[in-house]
Each structure stands twice: as C-alpha cells, then as structure tokens.
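> A structural model of the following input is requested.
(4 chains)
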Number of protein chains: 2
Amino acid sequence: MKKITIKDIAIESGVSISTVSFVLNGKGEKMGISKAVIVKVQDVAEKLHYKPNMIASSLRTGKTRSIGLIVEDISNQFFSDLARVIEDEAKKLGYRVFYCSTGDDNERSAELIQSLLQANVDGFIITPTEKLEKSIDHLLKLKMPVVLIDRYFPNQNVSHVVMDNYNGAYVATEFFIKKGCKNIAVVNNTSEMIQMKLREKGYSDAMKEAGIYDETLTLHLDYRSNEESKIDAIIDFFKKKPGIDAVLFLANYMGLAGLQAFKRMGLRIPEDISIISYDDHYSFKLHSPSISVIEQPIDGIAVKAVQLLMDQMTNGNDFMIEKVLEKGKLIIRESV
Amino acid sequence: MKKITIKDIAIESGVSISTVSFVLNGKGEKMGISKAVIVKVQDVAEKLHYKPNMIASSLRTGKTRSIGLIVEDISNQFFSDLARVIEDEAKKLGYRVFYCSTGDDNERSAELIQSLLQANVDGFIITPTEKLEKSIDHLLKLKMPVVLIDRYFPNQNVSHVVMDNYNGAYVATEFFIKKGCKNIAVVNNTSEMIQMKLREKGYSDAMKEAGIYDETLTLHLDYRSNEESKIDAIIDFFKKKPGIDAVLFLANYMGLAGLQAFKRMGLRIPEDISIISYDDHYSFKLHSPSISVIEQPIDGIAVKAVQLLMDQMTNGNDFMIEKVLEKGKLIIRESV
DNA sequence: CTGAAAGCGCTTACAG
DNA sequence: CTGAAAGCGCTTACAG
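I've put the predicted structure just below:
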C-alpha cells in the first residue's frame, strides 16, 4: 500500500514528471502537451488512485489553500453558524478552513494569528477583540489577505463585513415603543468594540427621538464574568428598577442570562416584561413564550466575507478595501 | 520581513544547518553538541524570531502532528463539547485537531476519512456511522492509529471509548418507575448503531424487570428527517397513546423535538408527562421546567480517547486494543 | 563533536 | 511538444 507519487505515474506513462505535473494541474493544453499524452497520464493517475500530496505542493508554492477563521466563541451559535457557512463557501472554492476561538482575549487572539501564520494559511477572516488593531496591522504589513467580520476598527483601513448594528437595535426599540412600552431598558456588555457601541446607539437614538431616553435604564455586564454573575447582575438591576416594562439584550448570551434571571424572579413574559434579543438561538425558539430576536444576516456576512477574501488572495495587491453593511431582520415571536 | 529558516540561523551562528536542526529539536545533547554551541544557536534563533516551517518538516518526516476528529454533527452540543475537550487535550501534547461532521451520512464519512488521510493526519478519532466498518478496516490495514468514540462495531477489534449506554437508560427508567410512573414510553431513532440499541435495551430491561414492558410504547424517529417531521411524528404518537405518563428520549435532539411537540399539544411537564433525555443541552437547563438528563461523561471520553490514540501513535504497532466504558450521570431537575 | 549531502513530493523556469 | 534540473525548508544517516 505504498504512496503513489507523480514519479510513479511518470514511469508508468513513459513521460517525465514535469509532463505529469502539468497535466494533473490542468496546464496540459497551455503547455502544448498532446491530447494523447494528456489522456494517457490522466488514465494512469486514475488507475493508480493517485492522490496529490498537498504538503509537498505547499512547500513548493508557499500556498496551502487554507484560510484561518478567528471568532469570539465557536460554541456560541451565532459564530458556529457563521463558521459553517464560511466553511461551505470556502470548500466550494477548494479551500479548507481552520477555526479557533479568542474567548475575547487579546493575548490569545494575537497568539492565534501567529500560529495560523505559522501554519501558512493563505488568508484570514477575523472577529477582532478590542486591542487587536496592532496585530491586524501586522498582517497588513505582511500583505496577508484579511477580512474582518462582525466588527472592525473605525480608523483602520481593512475590508470588513458586518451587520447594520445600529439599524437592528433602532428598529427593535421602535417596535417596543409602538407596542406601547414606556420604560425600555437595554443590556449591553462592557466592551468598547464598535458593534456594541452602535447597537447601544441605535437603542438610545430611538429612545431620544421618542423623548423617553433615560440613561439609568442601561445595564453593562462584564463580558468576562461567568453566566451566574451575569444572571445576578441582571436580577440586581431589575430589582432596583421595578418599572421596566421591556428590555433589549444586545447579544444572545446576555438574552439567555436574562431569561434565567426573569425565571428566578418570577417575572412573566410578556405580561410583566417584553423581550427582544440580538442574535437568534435555538433556546429562543424553544422557550415558552418564544423570544423575539434581531436575526443576524449570517449567510450574507459569510458569503460576502469569503468573496472579499478570495478577491484579495487572487488579485494580490490589486484589490479594493470594501466595507460592507448587511441588514439584520427583526423576527417577532411571543415575547413582546 | 523575509522568512527566517534554519539556514539563516546556521550562517549567523557559524555552524552547519544539521547542527542547528539538532539543537532546535532538543537533540543537541544526545548528538554530543557542545554546550556553548547549543546556547549560541538557541540565542540566534530567538534573536531572529525563528519559527519552524511545519510544512517542510512534515514533508520530510511524514508526520503532521495533527489528528482527524470525525463526529456526527459538530453543531450538536454533545459533539461540540467533546470536540473542545479533545482539542484541548491534543494541544497540550502539541497536536492540532481537524474536525468535521458526517451528518450520519456513510458516503460523506468515507470521503472525510479519505480527505483526512490525504491531509496526512497522524491518527483518527471517529464516531462511526452505520456502514463505516469497512472504511475503518481500511485505516487499520494502513496501520493508522484509530480510536472510536460514542459507538463502535461489536465485531471489530478497535480501541474505543463510549459511555455505558445500557446503564444510563436503565437507571433513568428505574427512576421513573420509583417515582410511580406506569406507562413509560421511549423515543429512539431508526439507527442500527450499537449505542442506540443498548440505550433501548437498558430501557426495555428495566421495564421488563418491573413487569410493565409494553412494546407499543416505543417510537422510532427517522434520523434523517428534519425537526418539524420529528415533532409531527411525536405528536402523532402521543395522541394515539394518551395514557403515557413518562417518556425517555434517547438523544438530545429527540428530547428537544419532544419539548416542542408537548408545547404544541399543551401538555404540562411534569404534571401531564415526565421527561428525561439523553445528553445535556443548554435548552434543557433553561427550559421551564428544567429537564432531567442523562449526562454523558464527556471529559472522561475525550481524555481517554486522546490518551489511547497517543499510545498508538507513539508505540507503533506495539499497543493494546482497549475498550473503555465510562459511566454517565443522571441529573435530576424539575421534569420528573 | 560537527558538516556535507540526500531526499521528502511537488512546481516551474529554462533549454531544446 | 517534452525533459532535466533546481529548489521549497526541513531531518537524518553517514562520514570524518
């Protein structure tokens, strides 16, 4: 069960290994190799069950046909859905995807970039952490293809694909207001990242326009705290603010913590409190009552990100920086 | 920003590349290289920020320090948890993990094995599909290190690590009986795989011992059907059998479908029906009432599987076939 | 104690 | 139209 190499095919077909390589890479015609030889070589390759050794080819070309995908947390359904679509898209184009989670840890993120760099990935798709701007700059300096998703740095000139975070929160808040909610709270995390800031701004602008903005209705949860601490913080907050009749959660893990908090407090949804959360999740559909969400345009983001990355990888330096905004979608269920 | 190679280090340190290679691979002492040279080489490597090129080293050694992990469905929390622990364990030992999902599709599984083989992984951890026995045999013939998890083929001599499926279902059924349930149903899928058969046998043996086994209380769901069809099938079944007072779901996705079915039917848990499901899931904890489960010994399975695989990878043919059974744990919540 | 050299399996510029 | 040869960056058996 010896490994078949192009050398074996060359010997069997009675041609040189160069000819075999050209034929197998589809460059036969371009190199003016005769039809007969092309067919012969292909037949022999098939007969011997030849499988190209990607490692050897990578060593020679410096390309691995792989892309590195860095997300915040692959066990969060939003990111795992994103990863799945990206992987499918990449596979269509003959690329493999390596994925890893940052856990929102800057140091870990920088390390992951290093190790993917060392694995010789051909390009990066990254959901950056707060202080990753410098590491991204480093990639740009190396002329590495990079596309950011979900978030970006306003002052850095890199292609990115994100949802329209401002709009999603604005529309959801507006929906609460139309339904007659008066004391609408928002639960955000302590991150300084642009996507969270924009979501919060979408909320506060909608509230201000309705003339009912109250800054004490905003709760910021520490991202790094565990779920129990988040639940406790939410319970604390809502006990101090009994008048709240609606709440917008700016990410699914906060919404999930919120549901547990309300369960413990005995609050009924939507009678006592209305809920909308960012990012859909299986538990939101299953919950009684089911929870309304702002669904991310996951397919749109994934497909566009891969496309932009491919442009960079194939066109070398000759590509444009593109900044793409995909619209989210408010899905109304029973929680409002 | 040129790539640093061992050649650069050799020149800078004034020694040969062989010496550099020995030192960097920790074989300096063994090869009798002087302390002074070792230190010198290490310093230079550090100074130049040398990063070994894994591709070149793989081509030469035939090893990639990577393992292929094939699971049924990485978006199922049981498998993603398993994957995370396996990845952590492997990383500790300097191994990378490539993972992929079979979707319980035999052909796809066989393809995945082929493509991982082509990626030159050093070993496999696999949750096999029904007809994968031959592909596994093929790996064994190639002397590829293989460990199966979650399930196995009774007549095939391969190391595997699985939970004690029989015991988990037996204990859960016994628990229902002790609680006074009389008409206890079980929901399984149509798979012929050993782990599902054993779970069902655990249930039926417990029922028989209590003298209350009734074969019409068993429902088999088509694995390949989508969630809606599963929900419909469950509703159908329970409408025809109104006397059922408890149900054991033999995998989390069936339990989740069951919860949606009962929600639509207006059945109250546990007043109208008691529930226990295999495999814990976030939604089971969040659900009102929270759902009792048979938790898989995920850490135990993952750690043991990696350990067995490492034994095979390092000891060549000199390893033992090990068949390991890890006990699950019945977690009582509010649904019984 | 250390170095020169072969070779892993490919790709591709060059020669004819 | 096709082949001989260099080289990607390593590892390691061999020689001294």
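> how about the closest residue to chain B within chain A, secondary structure?
Using Cβ to the nearest Cβ, the closest approach of chain A to chain B is made by residue A:283 at 4.4 Å. C-beta here means a position set from N, CA and C on the backbone, and glycine is covered the same way. Classification of residue A:283 by DSSP: H, G, I helix; E, B strand; the rest coil places it in helix.
> now it, nearest residue through space, not along the chain?
residue B:283 (4.4 Å; Cβ to Cβ, 6 or more residues apart in numbering or on different chains).
> number of nearby residues for the one you found?
By other Cβ atoms under 10 Å in any protein chain shown, 22 other residues sit near residue B:283.
> Chain B contacts on the stretch 201-336 of chain A?
Counting by Cβ under 8 Å from any Cβ of the partner chain, the residues of the stretch 201-336 of chain A close to chain B are A:256, A:259, A:260, A:263, A:282, A:283, A:286, A:287, A:288.
> will you turn these into CSV that also has pLDDT and secondary structure?
Converted to CSV, those look like this (pLDDT from 0 to 100; DSSP: H, G, I helix; E, B strand; the rest coil):
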residue, pLDDT, secondary structure
A:256, 96, helix
A:259, 96, helix
A:260, 95, helix
A:263, 94, helix
A:282, 92, helix
A:283, 94, helix
A:286, 92, helix
A:287, 93, coil
A:288, 89, coil
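> which of the residues you listed are buried?
By neighbour count, with 16 or more other Cβ atoms under 10 Å in any protein chain shown, these hold A:256, A:259, A:260, A:263, A:282, A:283, A:286, A:287 as buried.
> Tell me if I'm right that the fourth one and residue B:290 touch.
Same thing as residue A:263. No. Residue A:263 is beyond contact range of residue B:290, at 9.1 Å (criterion: Cβ atoms under 8 Å).
> What backbone torsions are found at the residue of the stretch 201-336 of chain A found nearest DNA strand C?
When distances are taken as Cβ to the nearest atom of the strand, the stretch 201-336 of chain A reaches nearest to DNA strand C at residue A:314, 13.6 Å away. Recorded main-chain torsions at residue A:314 are phi -90, psi -30, according to degrees, to the nearest 10.
> And for it, the neighbour number?
Here the number of neighbours of residue A:314 (other Cβ under 10 Å) works out to 12.
> try residue A:64
20.
> With adjacent residues omitted, what lies nearest to residue A:225?
Once flanking residues are discounted, residue A:225 sits nearest to residue A:233: 7.4 Å by Cβ to Cβ, 6+ apart.
> Tell me who's in contact with that neighbour.
A:219, A:221, A:222, A:225 (Cβ atoms under 8 Å, 6 or more residues apart in numbering or on different chains).
> In three-state terms, label residue A:275 for me.
Applying three-state DSSP: residue A:275 is strand.
> That one contacts residue A:255, correct?
Yes. Between residue A:275 and residue A:255 there is a contact at 7.1 Å, judged by Cβ under 8 Å.
> between these two, what contacts are shared?
A:249, A:291.
> So which residues of the stretch 151-300 of chain A form helices?
Ranges of helices in the stretch 151-300 of chain A, per DSSP state H, counting those that start in this stretch, are A:165-178, A:194-209, A:227-240, A:252-265, A:282-286, A:298-315.
> Let me know which of the ones you listed is the nearest to residue B:153.
Within those, the stretch nearest residue B:153 is helix A:282-286; the backing value is 31.9 Å (Cβ to Cβ).
> surely residue A:126 meets residue A:148?
Yes. Taking Cβ under 8 Å as the definition, residue A:126 is a contact partner of residue A:148 at 5.5 Å.
> Which one's more surrounded, the two?
residue A:126 (28 against 24).
> list the contacts for the more buried one?
Counted by Cβ under 8 Å, 6+ apart, residue A:126 has contacts A:68, A:69, A:70, A:113, A:132, A:136, A:146, A:147, A:148, A:149.
> at 6 Å what do you get?
Applying Cβ atoms under 6 Å, 6 or more residues apart in numbering or on different chains to residue A:126 gives the contacts A:70, A:148.
> for residue A:246, same thing?
Taking Cβ under 6 Å, 6+ apart as the test, what residue A:246 contacts is A:176, A:181, A:184, A:274.
> CSV please, covering those residues and showing pLDDT and neighbour count.
Formatted as CSV, the contacts of residue A:246 follow (pLDDT from 0 to 100; neighbours: other Cβ atoms under 10 Å in any protein chain shown):
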residue, pLDDT, neighbour count
A:176, 97, 26
A:181, 96, 20
A:184, 97, 25
A:274, 97, 21
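> Now the two most distant members of those.
Of all pairs in these, the most separated under Cβ to Cβ is A:184 and A:274 at 8.4 Å.
> in its sheet, what does the helix or strand that residue A:125 is a member of sit against?
In the assignment (DSSP states H and E), residue A:125 maps to strand A:123-126. Sheet pairing of strand A:123-126 (DSSP bridges) gives strand A:66-71 (parallel), strand A:146-149 (parallel).
> which stretch among those strands comes nearest DNA strand C?
For the strands paired with strand A:123-126, proximity to DNA strand C was assessed by Cβ to the nearest atom of the strand; strand A:66-71 is nearest, at 15.2 Å.
> So what touches the closest one?
A:79, A:86, A:90, A:95-101, A:112, A:116, A:121, A:123-127.
> Let's see which of the residues you listed end up in strands.
Secondary structure assignment by DSSP state E places A:96, A:97, A:98, A:99, A:100, A:101, A:123, A:124, A:125, A:126 of the contacts of strand A:66-71 in strands.
> Also within reach of DNA strand D: list those from those residues.
Taking Cβ under 7 Å from any atom of the strand as the test, DNA strand D is in contact with none of these.
> Same list (the residues you listed) but as JSON lines, adding distance to residue A:198 and pLDDT.
Formatted as JSON lines, the ones in strands among the contacts of strand A:66-71 follow (distance: Cβ to Cβ, whole Å; pLDDT from 0 to 100):
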{"residue": "A:96", "distance to residue A:198": "33", "pLDDT": "88"}
{"residue": "A:97", "distance to residue A:198": "27", "pLDDT": "91"}
{"residue": "A:98", "distance to residue A:198": "29", "pLDDT": "89"}
{"residue": "A:99", "distance to residue A:198": "25", "pLDDT": "86"}
{"residue": "A:100", "distance to residue A:198": "26", "pLDDT": "87"}
{"residue": "A:101", "distance to residue A:198": "23", "pLDDT": "88"}
{"residue": "A:123", "distance to residue A:198": "26", "pLDDT": "95"}
{"residue": "A:124", "distance to residue A:198": "23", "pLDDT": "96"}
{"residue": "A:125", "distance to residue A:198": "20", "pLDDT": "97"}
{"residue": "A:126", "distance to residue A:198": "18", "pLDDT": "97"}
